[in-house]
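K.L.:
fold the following.
(one chain, ligands or ions: 1)
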Amino acid sequence: MNCRICNNSNLKKFLSLGVQPLANSFLSKDQLNDSEPKFPLELCFCEHCKLVQLSYAVEPEKMFRNYFYVSSTTKTFVQHFTGMAESITREFHLGKNSLAVDIGSNDGLLVRAFKNQGVMAIGIEPAENLARMANQEGAETINDFFSEKSAEEILRRKGKADIITANNVFAHINDIHEAARNVKMLLKDNGAYIIEVQYMADMLEKMTFDNVYHEHLSYYTLISLRNFFEKQGMRIFRAERVDTHGGSIRVYAALQGSAHREDPSVEELLRHEKSIGADKCETYTAFADKVNGTKKKLTDCLREIREKGKKTAGYGAPAKSSTLLNFCGIGRDEIEFIIEDNPMKVGLFTPGTHIPIKNPVAIEEQKPDYILILAWNFATEILSKTTSLRDKGTKFIIPLPNLRIE
Ligand SMILES: [Zn+2]
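P.N.:
You can find the predicted model right below:
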């Protein structure tokens, strides 16, 4: 496989997380005896453009046509995207004649947030279940992948866009050059293309390697993003770190001739990345060693608990939990069940590891001694709503960034 940004064929493999099932392919009871499709999950580094990427790309139709991840189920995200729509509307002086387009709009959370700001907005979402939910909730949504065809449809329906957002989808796109051509077709001369994507520098600094799964084909730094946008005749004029998904970066890009002036944040972040060696292959090799060390600590911890005859349950079954569980070989011997707030997942089993997912009341009924927080980026939220359990002696294991028990 060649580099997604610069087509280099000599990519350096630095971390293997094994052969894994798709992180969102939860199983029903009937499917437990079927063979599960599994694919290599390995990270590579491109020494030319500095992009970190998967060695193997699963076909998007297998991953995104039916999707479990619903933004609006998480309070943190509702606040995050409401705030994002407010700040973009204010800073870019959007009004009732402005258009915001959201790529990979999920259940329409950001589309609705822009509408609430009095801005016209439309979403594009490949998952049929989510696009249907969005349209029912008043967020106009085209059910498709972002392609030339769907970009043309938006042009026909709404005209050119002032703002195009792509939150947590940029890493999902295999042909990012094609997506950028479609963005350029759709964007006004002084428009802004704002992407929010998991940040490779955070992964290095906070050990968030469970964000690696087949849906995320690329792991960006500002260095690699700048190399990408340069190839597309676009430029980044602002960059900021945001705290979603264990650490993300929000990057503002514009057409080369636009009036947007470059903010000092771009230079600052580039400097930071160089200071942590995000442009060097040996940094990633050292990271891989730490990841393997983390696996050992967590599996040792769970084995000791089991040897003492204590019971462990899991909290949250986000896609990232699949990476962690499969990579560490944690199954039903270590974790009896996982509780999950998203009702679409309750009653199903985790991909590869086949741990049953239950309604949150199960922890009150079964009273596990330990709870492994798999949705550990929400650990603060989870710990604050479970104080009564902790008062009764249940211990919580937070696996990342550093294993701790509370
Ligand atoms: Zn490259």
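K.L.:
which stretches of the stretch 51-200 of the chain form helices?
P.N.:
Remark: helices assigned in the stretch 51-200 of the chain by DSSP state H, counting those that start in this stretch are 60-64, 75-91, 109-116, 128-136, 148-158, 176-186, 200-206.
K.L.:
can you redo these as TSV with distance to Glu365 and mean neighbour count?
P.N.:
In short, each C-beta sits where N, CA and C put it, glycine included. Shown next, in TSV, are those (distance: least, C-beta to C-beta, whole Å; neighbours: other C-beta atoms under 10 Å):
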stretch	distance to Glu365	mean neighbour count
helix 60-64	34	15
helix 75-91	25	16
helix 109-116	32	24
helix 128-136	30	18
helix 148-158	46	15
helix 176-186	47	18
helix 200-206	34	22
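K.L.:
which one of these lies nearest to the ion?
P.N.:
Checking these against the ion by C-beta to the ion gives helix 176-186 as the closest, at 11.3 Å.
K.L.:
does anything pack onto that closest one? Which helices or strands?
P.N.:
helix 148-158, strand 161-167, helix 222-231 (3 or more C-beta pairs under 8 Å, 6 or more residues apart in numbering; DSSP states H and E).
K.L.:
how about JSON lines for the ones you listed, with distance to Leu41 added?
P.N.:
What follows is those, written out as JSON lines (distance: least, C-beta to C-beta, whole Å):
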{"stretch": "helix 148-158", "distance to Leu41": "29"}
{"stretch": "strand 161-167", "distance to Leu41": "23"}
{"stretch": "helix 222-231", "distance to Leu41": "20"}
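K.L.:
is it possible to export those to JSON lines including distance to the ion and mean pLDDT?
P.N.:
As requested, those are exported to JSON lines (distance: least, C-beta to the ion, whole Å; pLDDT from 0 to 100):
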{"stretch": "helix 148-158", "distance to the ion": "24", "mean pLDDT": "96"}
{"stretch": "strand 161-167", "distance to the ion": "20", "mean pLDDT": "97"}
{"stretch": "helix 222-231", "distance to the ion": "7", "mean pLDDT": "97"}
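K.L.:
so for Thr387, which of the ones you listed sits nearest?
P.N.:
Closest approach to Thr387 among the helices and strands packed on helix 176-186 is made by strand 161-167 (31.8 Å; C-beta to C-beta).
K.L.:
Lys385 - how many residues pack around it?
P.N.:
Neighbour count of Lys385, defined by other C-beta atoms under 10 Å: 11.
K.L.:
could we number from 4 for the rest of this?
P.N.:
Done: numbering now begins at 4, and the last item shifts to Lys388.
K.L.:
who's in contact with Gly396?
P.N.:
Neighbouring residues of Gly396 by C-beta atoms under 8 Å, 6 or more residues apart in numbering: Asp372.
K.L.:
helix or strand for it, which one?
P.N.:
Using DSSP states H and E, Gly396 falls within no helix or strand.
K.L.:
angles on the backbone of it, please.
P.N.:
Note on Gly396: its backbone torsions stand at phi 110, psi 0 [degrees, to the nearest 10].
K.L.:
Ser28 touches Thr356, doesn't it?
P.N.:
No - using C-beta atoms under 8 Å, Ser28 is not in contact with Thr356; the gap is 11.9 Å.
K.L.:
how many neighbouring residues does Ile106 have?
P.N.:
Counted by other C-beta under 10 Å, the residues lying close to Ile106 total 26.
K.L.:
how far away is the nearest residue to it once chain neighbours are set aside from Arg135?
P.N.:
Once flanking residues are discounted, Ile106 sits nearest to Ala169: 4.2 Å by C-beta to C-beta, 6 or more residues apart in numbering. Using C-beta to C-beta, to the nearest Å, one gets 21 Å for the distance from Ala169 to Arg135.
K.L.:
quick check: end-to-end length of stretch 136-147?
P.N.:
For stretch 136-147, the first-to-last residue distance is 14 Å (C-alpha to C-alpha, to the nearest Å).
K.L.:
kindly report the same for stretch 389-403.
P.N.:
For stretch 389-403, the first-to-last residue distance is 19 Å (C-alpha to C-alpha).
K.L.:
now the residue in the stretch 254-403 of the chain that the ion sits nearest to: which helix or strand?
P.N.:
Going by C-beta to the ion, the ion is nearest to Asp282 of the stretch 254-403 of the chain, at 11.8 Å. In the assignment (DSSP H and E), Asp282 maps to no helix and no strand.
K.L.:
what about it, how many neighbours?
P.N.:
For Asp282, the neighbour count with other C-beta under 10 Å is 16.
K.L.:
one more: the one 3 residues further on?
P.N.:
Each residue near Glu285 was counted by other C-beta under 10 Å, and the total is 10.
K.L.:
which residues in the stretch 4-153 of the chain form strands?
P.N.:
15-24, 41-48, 55-57, 102-106, 123-127, 144-145 (DSSP state E, counting those that start in this stretch).
K.L.:
and Leu403, what does it touch?
P.N.:
Shown in contact with Leu403 (C-beta under 8 Å, 6+ apart): Lys209, Met210, Thr211, Phe212, Asp213, Gly249, Thr297, Leu327, Trp379.
K.L.:
who's in contact with the fourth one?
P.N.:
Put plainly, it is Phe212. Leu18, Leu20, Met206, Phe290, Val294, Thr297, Thr326, Leu403.
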